[in-house]
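Asker: Give me the fold of what follows.
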Amino acid sequence: MKNKIDLETTFTEILSFLFTFIFGLLGVLFTPYILKKELLPYLSYPDVVSFYLMANYVVAGFFGFLMMMVMSGYVLVTRRKDFKKIKKFIMLCIYLTAFLFAIVTIFNFYFTTSLYKKGYGTCWKRSFYSETLYIKDAEECKKRGSEVLRKPRSAY
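Answerer: Numbers count the residues shown, from 1 in each chain. Down below sits the predicted model:
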């Protein structure tokens with residue numbers, strides 16, 4: 001009986017190893033293709049780039065929203081406003097949110113600066129919450145019904 005259990009365990013381990021090895025091999029083989037054909041076009045600089053600053057901050061605030069939901073649920077379920085049991089979770093969410101806001105601020109500054117260095121200009125925004133259009137040709141703003149805020153120039 002013991003040999004049967006060992007044999008089944010060994011067979012399961014071998015099958016698990018083969019499954020992991022085959023999918024790992026497929027991942028290694030197809031990663032260059034995926035990077036070249038699917039991902040690199042998104043990382044290039046097209047003629048028009050629409051960029052939402054506020055969307056990045058909303059994504060960075062996910063842990064803050066999660067913390068507020070957990071705290072609200074905790075108060076609704078326990079009817080207590082004592083947060084000693086979930087204090088570690090709250091502090092973790094606060095630290096993660098602050099860290100992500102700092103990262104997003106640095107990313108937004110870096111990304112817009114790199115676009116300006118590549119010679120992009122900007123169009124007037126329709127509202128504070130709309131996307132900013134970074135353009136290489138001033139005619140693109142007119143096509144979209146807007147005016148040029150910052151003229152594009154040749155990249156240096």
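Asker: Any stretches of the protein with poor pLDDT?
Answerer: Applying pLDDT under 70 to the chain flags the ranges 1-9, 34-35, 37-43, 154-156.
Asker: cutoff 50 now
Answerer: Counting by pLDDT under 50, the chain contains no low-confidence range.
Asker: Which stretches in this protein count as strands?
Answerer: Counting by DSSP state E, the chain has these strands, from start to end: 48-51, 121-123, 132-135, 148-150.
Asker: Including mean neighbour count and distance to Leu100, could those go into TSV?
Answerer: C-beta here means a position set from N, CA and C on the backbone, and glycine is covered the same way. TSV is the format used below for the strands of the chain (neighbours: other Cβ atoms under 10 Å; distance: least, Cβ to Cβ, whole Å):
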stretch	mean neighbour count	distance to Leu100
strand 48-51	15	18
strand 121-123	22	26
strand 132-135	22	21
strand 148-150	15	29
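Asker: Kindly reformat those strands as a markdown table containing distance to Met68.
Answerer: Output for the strands of the chain, formatted as a markdown table (distance: least, Cβ to Cβ, whole Å):
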| stretch | distance to Met68 |
| --- | --- |
| strand 48-51 | 27 |
| strand 121-123 | 34 |
| strand 132-135 | 29 |
| strand 148-150 | 36 |
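Asker: surely Cys93 meets Phe65?
Answerer: No: with contacts counted by Cβ atoms under 8 Å, Cys93 stays clear of Phe65, the gap being 9.1 Å.
Asker: thinking again about what came up before, can you tell which of the strands of the chain is closest to Leu115?
Answerer: Within those, the stretch nearest Leu115 is strand 132-135; the backing value is 4.8 Å (Cβ to Cβ).
Asker: Packing partners of that closest one?
Answerer: If contacts are counted by 3 or more Cβ pairs under 8 Å, 6 or more residues apart in numbering; DSSP states H and E, strand 132-135 sits against strand 48-51, helix 87-117, strand 121-123, helix 139-143.
Asker: hang on, the earlier thing: right, and the strands of the chain - which one's nearest Tyr33?
Answerer: Closest among the strands of the chain, using Cβ to Cβ: strand 48-51, at 25.4 Å.
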